[in-house]
Structure formats: structure tokens, C-alpha cells
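Asks: What shape does this take:
(chains A, B, C and D)
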Protein chains: 2
Amino acid sequence: MDTQPRTAELLWGSPDRPKRGPKPALSLEQIVATAISMADAEGLAALSMQRLAEDLGFTKMSLYRYTPGKAELTALMLDAALGPAPDLSEIDGGWRAALHEWALRMWAGLRRHPWVVDVAVGPRVMGPNEMAWLETGLAALSGTGLTGGERLDSVVLITGHVRSLAQQTTAPGAETDTPEKALNAIMTGILTDNAERYPEAAAAFASASSSSGQDDALEFGLARIFDGLAALVAERAE
Amino acid sequence: MDTQPRTAELLWGSPDRPKRGPKPALSLEQIVATAISMADAEGLAALSMQRLAEDLGFTKMSLYRYTPGKAELTALMLDAALGPAPDLSEIDGGWRAALHEWALRMWAGLRRHPWVVDVAVGPRVMGPNEMAWLETGLAALSGTGLTGGERLDSVVLITGHVRSLAQQTTAPGAETDTPEKALNAIMTGILTDNAERYPEAAAAFASASSSSGQDDALEFGLARIFDGLAALVAERAE
DNA sequence: ATGAATTGTGTCTGACGGACACAGTTAAGT
DNA sequence: ACTTAACTGTGTCCGTCAGACACAATTCAT
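Replies: Numbers count the residues shown, from 1 in each chain, chains lettered A, B, ... in the order given. As a prediction, this is how the structure comes out:
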């Protein structure tokens, strides 16, 4: 497809308006903002160029005057939805507290824009905001004795946990009338039918359904990751 | 959509063949196997009912005699591609070695079927194989003093890391002629242009591009997670 | 032998991303 | 002032997608 150079230009290039020709009635920022709110409201699958154009009061093909294609548009949506990276300079408690706050902010953002997880996938051109998030995460680890590669791997590990959890808990299915209620009923039915084959899973499900749930999983994973990182930092400090 | 009951029936139900009518020329297993190899070869996006049917030498609509829709087919593909869970009973070294092997096996499977990560998303009906993988992972932690919820969160944490890394490294883009070569050139160009805004990121990229890469990230994350889990296990053992 | 159930097929629909030509608008160059 | 080139928005068209539906052919139970 070779969509990467155009995406990089849109994300990082300067918006030099041409001089001749009629003034554009739309703006790329406006299109991206409308697309984001539409994806937030109805999911990424419901976002089509046709419906987006109708929402803006224009025809579908007019959008292609602003973006070369849908792929580039979603790349812009991603970076805009991420928003500016948080400022962690005021956080006391060293790298651990800073990265904890960083992870929670990212989690909040992914809850606000669930489709981001589906878009921020695979090798891609990072935008200014995504790069700033990465920068902030890496900077939080600058005081430790970790190498550059280790710091990068650490940030990847944390984002992977946050994003993976967001992907599992906020994926489509929230629009159906009985989203996880019916699913839970089906799964417990299956597990009781096959309790002898999956004793551990049945027990874990039974004990987990009584306790709270997903926020616990987020904090649990972060605590384990930070504990493991702390051990490595302590080892490097010797 | 209400696709969950049908999916559960296909995944867990017994294949009772009706008695009257012509014998089916195809089988669901055959369709699923062909779909898997096609998704392996050309990616999930290239898998359409039309092309799948052509590969099988039948018309598109004939497939709908075997599966109610594409969603149910992908659910079957997922469980079939996961394959049987590994046997960890022979692994020496306690829960840590067992879970390490478990994670590596999962990693290998995701490398073989990269599209699995895109399918195994969100709340869904788990199939027998997926359930067996979960069961095996939970069983590896049975010796520790962790609660059921903690064991579940631990397995979720590990799978999240493995899957997240697989999603980032094996996503589409492998089909283009200059997959990550061009991307890397673009990103380094951007980073050198904005080195003052992202000093940590620029340094980390520079030092990371010289070292090996993704397999390191996998082992790095696993080591940190296991270290963190070991601390919790030790705490519970007191 | 007859009728019901089941399979594979052909045709059709609505939605999708996107190519392309065209008319209208604006500013630069003469 | 006038021409001309560049740019914007629109309408039309294409190929592909998942799926609905009716129909003919096949097979078994009665």
C-alpha cells in the first residue's frame, strides 16, 4: 500500500495551505474530531466514510480531498485520541509512582476511546502524541540504572498489559442488549458441564465472579510488573 | 447479533448429523482447516467467504450450510488454531519453569497463526482448546498460595504480554515489499528531526536498533512478571 | 412409491472503500 | 481586466464484501 510516507507527512508535516483554488469548507482537524466522536459512540466498525461525510454534511468523496484514504484518517484519529502525554514531574515516589500514574492515565484514555486498541496495532508510524507518551514513560525510568533497551522493554511491557486488558474488557459486544450477562450464563453452563475437565478454571471462575473484576486485574498486573522491575533496578544499583 | 449461543453450540455441541437429505460434500473441520491455512498465508483480511469457497471448489453460499456466519467460523478457527494445551507435567522447576514453557508455546502458536490475536479479542465464548490452555496455566500455579482470583489475574497478565507482543510484531505490513525497513527509515528520520523534543525516545531507539529485538522483549517481560509473581508467592508463603 | 428434510446453487441486496471525470471557485500572471 | 492554472466538492461508476432467499436435486423414512 505504501501508506506510510503519506501518513508521516500528515502526522508530522506542516499544514501548508495552497494559495489557489476555493477555500476548503472543511478542515482535517474537524474531520478527525467528528470521526473520533463517531467511533466513540458507535464503535470503529460503524465508522464509514459515507456516514462520516453525512455527519459533516458533505459527500463521501469530499473527504478524500483531505485524507488520501481511510488508513491515514485512522492514524490521525489515533494520535488525536491519545492526547498529550501526562506531566509526571509533580509525582512523588520515584519511577514507580510515576509509571503507575502514567499507566492509569493511559487506561483512562483507552476506556474513553476503546477503538484505539484496535488501531494502535502492528508496526506503524508513530504520531507526535504517541511519541510523547513513549518519551514520558521512558523518562520516568531515567533515574534507574537500566539500559536504553531495558527501559524500552519495560515501557512496552506496561503498555502491553494496559492495552491487553482494555482490549479484553471494552471490545464490541457492549452494544447488544445482554452483553456479558448472557455470555457469563453460557460460560458457567459450559464449565459446570465440563467441571471434571477444567477443575481449575471452574474454581477460578466461581471465585472470580464473586469478587470485583477488571480494575483488580489492572492493578494486580501493574503491581507484579513494578515488583519485577524493582528487583531489576535493585540489582543494577549494586 | 446474538451469535453467542450458536457459537457455543458449534464449539461444544455434539455433531449430530441429520438422517434425511443428501450427504454433505464438505465438513466443518475441512472448511475450518482451509480457512486457517488461508489466513496463515494471506492474512485475516484476505479471508472472505467467496475466496474460501473457491479454494474448496464450491460456491460461497454452500458454506452457510455449515456455519451460520463468518463470526462463528472465525470462532472455530480460533479454537482450532490454538490447538491442544501443552503438557507441563514433565517440566521441572516449579511454577516458574512451567509457566515459562507455557508462554513460549503460546508465543510459538501466535507466530504460526498471527491472525489469532486479532480474533481472540473481547468477551467471547471460549472453546475447548482455549479453555484447556487456561486450565493448564492455572494448574501451574496451583502449588502456590495464591487465591483463585490472583491465579486468574496472573495468567491474564502473562497472556496479555505474549499476545500484545505478538500483535505488535506480526501485524499486517509483512506483505509489503519494504515492511519495517521503510518504516524504520521514516521513524529515525522523524526522531532525528525532533531529537530535542524526544531525547529519551531517540536514545532508546538508537540503542535498541543495534541490539537484537523482539525475542528479547518477550523474555524481558516474562522475567519481570515472574519475578513479581515470585515476590507475591513468597509473601503468601509466610 | 411418496413425501419430507437436507444440500448445493444462482440471484439479489445493501454497504463498503475508492477511482475518475467534471463543474464551479479562487488567486496568480499577463 | 482577462486569462489560466490550481484547487474544491460532487456524481457516477467499479469491485468486493456478508448475507437473504428461492429453487432444484438428492436422500431417507414411511
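
Asks: contacts, neighbours, all on C-alpha from now
Replies: Fine.

Asks: do you know how far A:Asp87 is from chain B?
Replies: Going from A:Asp87 to chain B by CA to the nearest CA, to the nearest Å gives 14 Å.

Asks: residues in contact with stretch A:54-70?
Replies: A:Arg6, A:Ser27, A:Leu28, A:Ile31, A:Thr34, A:Met49, A:Gln50, A:Arg51, A:Leu52, A:Ala53, A:Leu73 (CA atoms under 8 Å, 6 or more residues apart in numbering or on different chains).

Asks: try 7 Å this time
Replies: A:Leu28, A:Met49, A:Gln50, A:Ala53, A:Leu73 (CA atoms under 7 Å, 6 or more residues apart in numbering or on different chains).

Asks: If you count neighbours, what's buried in the worst-scoring helix or strand of chain A on mean pLDDT?
Replies: Least confident helix or strand, chain A: helix A:199-210 with a mean of 84, by mean pLDDT, DSSP states H and E. Within helix A:199-210, the residues scored as buried using 16 or more other CA atoms under 10 Å in any protein chain shown are A:Pro199, A:Glu200, A:Ala201, A:Ala202, A:Ala204, A:Phe205, A:Ala208.

Asks: could you dump those to CSV with distance to A:Met187?
Replies: Below are these laid out as CSV (distance: CA to CA, whole Å):
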residue, distance to A:Met187
A:Pro199, 14
A:Glu200, 14
A:Ala201, 11
A:Ala202, 10
A:Ala204, 13
A:Phe205, 9
A:Ala208, 13
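
Asks: With distance to DNA strand C added, can I get these in JSON lines?
Replies: Shown next, in JSON lines, are the buried residues of helix A:199-210 (distance: CA to the nearest atom of the strand, whole Å):
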{"residue": "A:Pro199", "distance to DNA strand C": "35"}
{"residue": "A:Glu200", "distance to DNA strand C": "37"}
{"residue": "A:Ala201", "distance to DNA strand C": "34"}
{"residue": "A:Ala202", "distance to DNA strand C": "34"}
{"residue": "A:Ala204", "distance to DNA strand C": "38"}
{"residue": "A:Phe205", "distance to DNA strand C": "36"}
{"residue": "A:Ala208", "distance to DNA strand C": "38"}
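
Asks: ok, and which of the residues you listed reach chain B?
Replies: Taking CA under 7 Å from any CA of the partner chain as the test, chain B is in contact with A:Glu200, A:Ala201, A:Ala204, A:Ala208 out of the buried residues of helix A:199-210.

Asks: Turn those residues into TSV, columns for distance to B:Glu150.
Replies: Below are those laid out as TSV (distance: CA to CA, whole Å):
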residue	distance to B:Glu150
A:Glu200	12
A:Ala201	12
A:Ala204	9
A:Ala208	9
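
Asks: farthest-separated two in the residues you listed?
Replies: Largest separation among these by CA to CA: A:Glu200 and A:Ala208, giving 11.8 Å.

Asks: Tell me the first helix or strand C-terminal of the one helix or strand A:Ala75 maps to.
Replies: Secondary structure assignment for A:Ala75, by DSSP states H and E: helix A:70-82. Downstream of helix A:70-82, the next assigned helix or strand under DSSP H and E is helix A:94-112.

Asks: Give me the mean pLDDT for that next one.
Replies: For helix A:94-112, mean pLDDT rounds to 97.

Asks: tell me the angle it makes with helix A:70-82.
Replies: Counting by axes from the mean of the first three to the mean of the last three CA atoms, to 10 degrees, helix A:94-112 points 130 degrees away from the direction of helix A:70-82.

Asks: for helix A:94-112, the distance to its chain's centre please.
Replies: The chain centroid and the centroid of helix A:94-112 are separated by 12 Å under CA atoms, centre = their mean, to the nearest Å.

Asks: For the residue lying closest to A:Val121 once chain neighbours are set aside, give me the pLDDT.
Replies: Using CA to CA, 6 or more residues apart in numbering or on different chains and skipping the chain neighbours, the partner closest in space to A:Val121 is B:Gln168 (5.7 Å). We have a pLDDT of 89 for B:Gln168.

Asks: Would you mind confirming that B:Gln168 is in contact with A:Pro123?
Replies: Yes. Here B:Gln168 reaches A:Pro123: they are 6.2 Å apart, a contact under CA atoms under 7 Å.

Asks: ok so, going back, buried ones in the helix holding A:Ala75?
Replies: Buried residues in helix A:70-82 (16+ other CA under 10 Å): A:Glu72, A:Leu73, A:Thr74, A:Ala75, A:Leu76, A:Met77, A:Leu78, A:Asp79, A:Ala80, A:Ala81, A:Leu82.

Asks: if I look at the fourth one, how far off is DNA strand D?
Replies: Using CA to the nearest atom of the strand, to the nearest Å, one obtains 20 Å as the distance from A:Ala75 to DNA strand D.
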